[in-house]
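Q: mind folding the following:
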Amino acid sequence: QPNLFAHWTLLESKPRIGGKYIRMKKKYIKLLIAPDFSVTLFQRKMTYYIDKLCNCKAVWLSLLAALFCLPALAQTSPWNDPAEMKRVESNIEKYRKGDASITVLDKKGKPVANAMVVIQQQTHEFLFGCNLFVLHQLSTPELNRKYESAFTRLFNFATLPFYWRELEPEHGDLRFKEGSTFMWRRPPPDELIKWCKAHGILPKGHQLLYVKRKFMPDWINPRDSNTLIALAAKRMTQLAERYGKDVPIWDAVNEDIARRKNPAQWDEVPEDFLAWAFQKADSLFPKTSTLLINDETKTSHDSTQQYVDVVKGLIDRNIRVDGIGIQFHMLKPKEFLSGRYFPPDRMHNAYEQLESLGKPIWITEITIPSKGQNGFRDQAAIVSNIYKLWFSEPRMKGITWWNLGDGTAFGSENNFLGGILDSAMNPKPAYKVLDQLINHDWKTSLTLKTDAGGKISFRGFHGKYSVRVLINGKRKGEDYSFELPSGEKLSEATLRL
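A: Residues are numbered from 1 along each chain as shown. Okay, here's the model as predicted:
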């Protein structure tokens, strides 16, 4: 079973009991029974064969216990390790929650004892997002309605496409305005920002500069780096002037380490391109903006030290970098669930390395396939594991799923069925997992009674709350607003009825 942590043995023939050796075609499991005794096991129709036995009673007892527990052992992976699960849960409690105190007073300023206070979290401070690349672009009004409904139910954060190729298809022909020529997965930014404002969603721009040839305009000469820099400066100036106030977060440069590894697929740029780009963006965008460096999955998780060195090089030169973006397009779900591909300790260690630079980290793009046998189930299991891990990381600021629905990805990426909605925009199990986490498990909802001093105390997830006071079962006054932000040791409020 490919989703199991262990690999079962495939034998050429039934083994001899008591023999010292069995011929095998593929991998096998060695199970340590005693310090100097191991057995190789094979499962077929719940029957287990053993390639090596001894007469020691203690070993036989240990062997029986091992065989009894083997199905559970085989199905465990690092993601189900109790120590890992405890670490994640403890970090979520430590880093995603804060302490709060609310005092209820009457009109005369006296404490109101024994009042019931209903506390309901309304929004998250943490940013849960998705790209918004196909807003209003699906084939029917019903599909568009379902897309928007699914988006707003989960997410408070949206990545907007600012790909140069489609934003300026001809030199000087800018597709900023609502009603611009239709291009699939590239709605005009004005239209997207208007929608985000109407729905209380924070927009992020992707990206200022991404000089991979297939995403660059045809009218730009890929081998003229001097002209490219002049055009890039003009482009960033236009984006800063039009969107600097409305879009507070940007991927300033996308996949520059990937560019260095395979420059043939990219337009030529000067040697110090990355530093120049961040310095230019810093000079153009508000100081309140967040400028991220963003790079691919392998860079972030396999070549982490190189990523650290590149960012540190910018920081050491006093070049502004406000955060580190991490992609996670993970296309081997069976291997992942088994713990052989991106195990949790490897992911956590990579994030610790990046966090050592003192900058916030962001998961900027996520693809998890749902194709194949048990694909929906596996996708949901992976989503549960990775979101919990990411939410537990101390410096993590936001997590962005990439394509919300099947059929909305770029080109052949659609073959992986990496949406958390199907092609009819109906929720898959992975969507329901996120709904449970974001809207239930990670939202605080409490009803508490004030003490003799009119006070209640609680610990809740960071975000904005509504507070309602009931006396003798009747509501007193209007609902109050209360904020529990990160970075404060204790958030306090006084409510006057």
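
Q: distance of L421 from D256?
A: Per C-beta to C-beta, to the nearest Å, L421 is found 32 Å from D256. C-beta here means a position set from N, CA and C on the backbone, and glycine is covered the same way.

Q: find the centremost residue of this protein, please.
A: Nearest residue to the geometric centre of the chain (C-alpha atoms, centre = their mean): I399, 3.4 Å.

Q: what's the nearest residue to it if we skip its chain neighbours?
A: Residue nearest to I399 in three dimensions, not counting chain neighbours: I363, with 4.4 Å by C-beta to C-beta, 6 or more residues apart in numbering.

Q: does that neighbour count as helix, strand or coil?
A: Under DSSP: H, G, I helix; E, B strand; the rest coil, I363 falls in the strand class.

Q: my read: it touches E393, true?
A: No - the pair I363 / E393 is not scored as a contact, 9.1 Å apart, by C-beta atoms under 8 Å.

Q: you'd agree R186 is in a strand?
A: No - the assignment for R186 (three-state DSSP) gives coil, which keeps it out of a strand.

Q: for Q238, see how far away the closest residue to it other than its chain neighbours is.
A: Spatial nearest neighbour of R186, chain neighbours left out: E166 (4.0 Å); criterion: C-beta to C-beta, 6+ apart. Remark: distance between E166 and Q238 (C-beta to C-beta) = 15 Å.

Q: repeat for I293
A: 21 Å.

Q: more neighbours: those two, which one.
A: I293 (24 against 15; other C-beta atoms under 10 Å).

Q: look up which helix or strand that one falls in, please.
A: strand 290-295 (DSSP states H and E).

Q: do you know how far V383 is from I315?
A: In terms of C-beta to C-beta, V383 sits 33 Å off from I315.

Q: for the strand ranked longest in the chain, which strands pair with it and how are they oriented?
A: Secondary structure assigned by DSSP state E gives strand 474-484 as the longest strand of the chain. Applying DSSP bridges, strand 474-484 is found paired with strand 463-471 (antiparallel).

Q: what residues does the partner strand touch?
A: For strand 463-471, the surrounding residues in contact (C-beta atoms under 8 Å, 6 or more residues apart in numbering) are 102, 104, 112, 115-126, 443-444, 475-477, 479-484, 493, 495, 497.

Q: coming back round to it: just the mean pLDDT for whichever helix or strand comes after the strand holding I293, thanks.
A: As assigned by DSSP H and E, the chain's next helix or strand after strand 290-295 is helix 297-301. Per-residue pLDDT values over helix 297-301 give a mean of 97.

Q: name the helices or strands packed onto the helix or strand that helix 297-301 is followed by?
A: Downstream of helix 297-301, the next assigned helix or strand under DSSP H and E is helix 304-316. When contacts are defined as 3 or more C-beta pairs under 8 Å, 6 or more residues apart in numbering; DSSP states H and E, helix 304-316 sits against helix 256-261, helix 273-284, strand 290-295, helix 297-301, helix 344-355.

Q: could you measure from the closest residue to T450 other than its chain neighbours over to W195?
A: Closest residue to T450 apart from its sequence neighbours, by C-beta to C-beta, 6+ apart: A115 at 4.6 Å. To W195, A115 is 40 Å away according to C-beta to C-beta.

Q: what does G372 give?
A: 34 Å.

Q: between these two, which has more neighbouring residues?
A: W195 (21 against 13).

Q: re earlier: between V383 and I315, which has more neighbouring residues?
A: V383 (23 against 13).

Q: any idea which element that one lies in?
A: Using DSSP H and E, V383 falls in helix 375-392.

Q: what mean pLDDT does the helix or strand just after that helix get?
A: Where DSSP H and E defines the elements, the next helix or strand beyond helix 375-392 is strand 396-401. The pLDDT scores in strand 396-401 average 98.

Q: how far off centre is the next helix or strand after strand 396-401?
A: Sequence order places helix 429-436 as the next helix or strand after strand 396-401, per DSSP H and E. Chain-centre distance of helix 429-436: 13 Å, with C-alpha atoms, centre = their mean, to the nearest Å.

Q: tilt between the helix or strand that helix 429-436 is followed by and strand 463-471?
A: Next along the chain after helix 429-436, taking DSSP H and E as the criterion, comes strand 445-449. Here strand 445-449 runs at an angle of 40 degrees relative to strand 463-471 (axes from the mean of the first three to the mean of the last three C-alpha atoms, to 10 degrees).

Q: and strand 445-449, which strands flank it?
A: Next to strand 445-449 in the sheet, as set by DSSP bridges, lie strand 116-124 (antiparallel).

Q: which residues are contacting the partner strand?
A: 102, 104, 156, 200, 438, 442-450, 456, 458, 460-471, 473, 482.
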